[in-house]
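**Student:** Whatever this is, show me its structure:
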Amino acid sequence: MKAIWNNAILAESDKTVVIENNHYFPPSAINKMYFKESAHHTHCPWKGEASYYHIEVNGETNKDAAWYYPSVSHAAKSIEGYIAFWKGVEVTQ
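**Tutor:** Residues are numbered from 1 along each chain as shown. The predicted structure is shown next:
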């Protein structure tokens, strides 16, 4: 699987985990140069608190376009630290 935005490959892996129709990429699969920490957080009742990244490619920013759970409930251990995307980021094979 690949995550692409603004013609850049943000992440690529054959070991994504699919939960609620989102592909979660292992941390080692992301191209860190495009990721900037965000102060935004949300809460999922069964996964825990999500942290976000802004995606920056070619001078453009896609705010809070990637999220991850740094610490999860037991039910979501398979995605702890893994990164998922939205806001126009294309996830494809």
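**Student:** residue ranges of the helices in this protein, please?
**Tutor:** Per DSSP state H, the chain carries no helices over any range.
**Student:** Model confidence score at the nearest residue to residue 2 once chain neighbours are set aside, please.
**Tutor:** Of all residues not flanking residue 2 in the chain, residue 12 sits nearest, at 4.8 Å (CB to CB, 6 or more residues apart in numbering). Heads up, the C-betas are built off the backbone N, CA and C, glycines and all. In this model, residue 12 is scored at 98, pLDDT.
**Student:** show me the contacts for residue 12.
**Tutor:** 1, 2, 3, 25, 29 (CB atoms under 8 Å, 6 or more residues apart in numbering).
**Student:** Let me know the closest of those to residue 51.
**Tutor:** residue 25 (14.8 Å; CB to CB).
**Student:** How confident was the prediction at residue 74?
**Tutor:** At residue 74, the predicted lDDT confidence score is 88.
**Student:** quick revisit: output the contacts of residue 12 in a markdown table; the columns should cover neighbour count and distance to residue 42.
**Tutor:** Formatted as a markdown table, the contacts of residue 12 follow (neighbours: other CB atoms under 10 Å; distance: CB to CB, whole Å):
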| residue | neighbour count | distance to residue 42 |
| --- | --- | --- |
| 1 | 16 | 23 |
| 2 | 16 | 25 |
| 3 | 27 | 19 |
| 25 | 26 | 19 |
| 29 | 19 | 22 |
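**Student:** So which of these belong to strands?
**Tutor:** 2, 3 (DSSP state E).
**Student:** just the contacts of residue 12 now: which is nearest residue 93?
**Tutor:** For these, the nearest to residue 93 is residue 1 (6.0 Å; CB to CB).
**Student:** gap between that closest one and residue 26?
**Tutor:** Distance, residue 1 to residue 26, using CB to CB, to the nearest Å: 11 Å.
**Student:** Can you work out which residues contact both of these two?
**Tutor:** Shared contacts of residue 1 and residue 26, counting by CB under 8 Å, 6+ apart, come down to 13, 16.
**Student:** Would you agree residue 14 is in contact with residue 23?
**Tutor:** No - with contact defined as CB atoms under 8 Å, residue 14 does not reach residue 23; the gap is 11.0 Å.
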